[in-house]
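S.K.: A structural model of the following input is requested.
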Amino acid sequence: MLRDFLTDYKDGLVSSLQGFLVLHKLNQPSHSKAQLTPSPVKEQKTKMTVLERRRAAERANSSETSVQNGIRHKPSALRRVFQCAGINILAIMFLKLLGWLMEWFASTKYPTFYAICNSFQIVVVLLMIVIIRILSALWFADVASAALAYRGISGNSAPVDISRAASDFIHAIIVELVFLLQAMLIWSLPFQYLAPLVGFIYMSLLYSLYSFEYMWMSSGIPMSSRISKVERRWPFHIGFGTILTLSTSYSDDFMINGCIFGALFPFFIVSSYLATMRDAAQSEVPAVPFFYVAQVITNKFSLALVSIIGRRQRRT
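M.R.: Numbers count the residues shown, from 1 in each chain. Next up, the predicted model:
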């Protein structure tokens, strides 16, 4: 079992680096397909008249020109990733500036609210996670298509239920926020070695889930199944989230860690599309319900919220 754990952890660690290594190759045209596919113009050349050949050549040149123009105007995967990273960093800086302004205003105008504004840092962290998730989902359609094409996989063209996808996305955010608070609480416990180790595991799993989330959601996989995937292959996902966890633990300053997370996270989304892992049946490592507490709290919160909304509707 230890060997399987180390193998899966190593596979996850190596897979997390693929986005950095092959990102510049995602938009390169595949020459092998062009070489293997015979030209229909050449096949029919012997059966065409001179006029037909001229018209076919004009159509081929027009098609090639339009494709080249489309490629020229379409942002490359590398450019899109850097754009997403830049937007993430700007969002983090804006939230941090907002926190500073609130603290300054409270300390100079309303000192009694200074303690409340200090606790605003936690809210800033939660807002940062939500905003980065939303921005990444909006900006990564082109990158996802390029990554799937690089692997020779066609994208999912199945129709999407907007209401179901939105409810699943909101449910996922709540579960992950609860899990994040749980990890932060564990990390702050007064156990010198155990608390940092368990906190590191939780944060690595969470960052890996963040990275794979977009791909799994675009494939129509619900939140419960996404969590099951992480819990079944938790050594792999700990390895996948290791670099991002270590990078964001570099400093005690929220601003520095937030900017590092915002800059690196898009690359890990790309890596999630390129990652390959062994089948769960090949590993003897059992599944561990890391997200059980977060799911229970989220379900109870959702039931309570639905109950409150239902009572208000009956009153009206």
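S.K.: nearest spatial neighbour of Leu13, skipping sequence neighbours?
M.R.: Gly239 (3.9 Å; Cβ to Cβ, 6 or more residues apart in numbering). Just so you know, the C-beta spots here come from the backbone N, C-alpha and C atoms, and that holds for glycine as well.
S.K.: what helix or strand does Arg164 sit in?
M.R.: Using DSSP states H and E, Arg164 sits within helix 162-187.
S.K.: scratch that, Asp8
M.R.: Assigned by DSSP H and E, Asp8 belongs to helix 2-15.
S.K.: just checking, next helix/strand downstream of that helix?
M.R.: That would be, after helix 2-15 and using DSSP H and E, helix 18-22.
S.K.: Show me which positions of that next one end up buried.
M.R.: Gln18, Gly19, Val22 (16 or more other Cβ atoms under 10 Å).
S.K.: Next: stretch 84-102.
M.R.: Cys84, Ala85, Ile87, Asn88, Ile89, Ala91, Ile92, Leu95, Lys96, Gly99, Met102.
S.K.: what's the burial count for Arg311?
M.R.: A count of nearby residues for Arg311, using other Cβ atoms under 10 Å, gives 9.
S.K.: and which of the buried residues of helix 18-22 is nearest Leu135?
M.R.: Using Cβ to Cβ, Gly19 comes nearest to Leu135 of the buried residues of helix 18-22, at 17.0 Å.
S.K.: can you pull the pLDDT of that closest one?
M.R.: At Gly19, the pLDDT value in this model is 81.
S.K.: Quick one: distance of stretch 163-171 to the chain centre.
M.R.: Relative to its chain's centre, stretch 163-171 lies at 16 Å (Cα atoms, centre = their mean, to the nearest Å).
S.K.: now do stretch 5-20
M.R.: Worked out by Cα atoms, centre = their mean, stretch 5-20 lies 16 Å from the chain centre.
S.K.: Would you mark the buried spots in that stretch?
M.R.: Neighbour-count burial for stretch 5-20 [16+ other Cβ under 10 Å]: Phe5, Thr7, Asp8, Tyr9, Asp11, Gly12, Leu13, Ser15, Ser16, Gln18, Gly19.
S.K.: Among the buried residues of stretch 84-102, which pair sits farthest apart?
M.R.: Cys84 and Met102, at 27.3 Å, using Cβ to Cβ across the buried residues of stretch 84-102.
S.K.: Can you tell me which of the buried residues of stretch 5-20 is nearest Pro196?
M.R.: Distances from Pro196 to those, taken by Cβ to Cβ, are shortest for Tyr9, at 17.6 Å.
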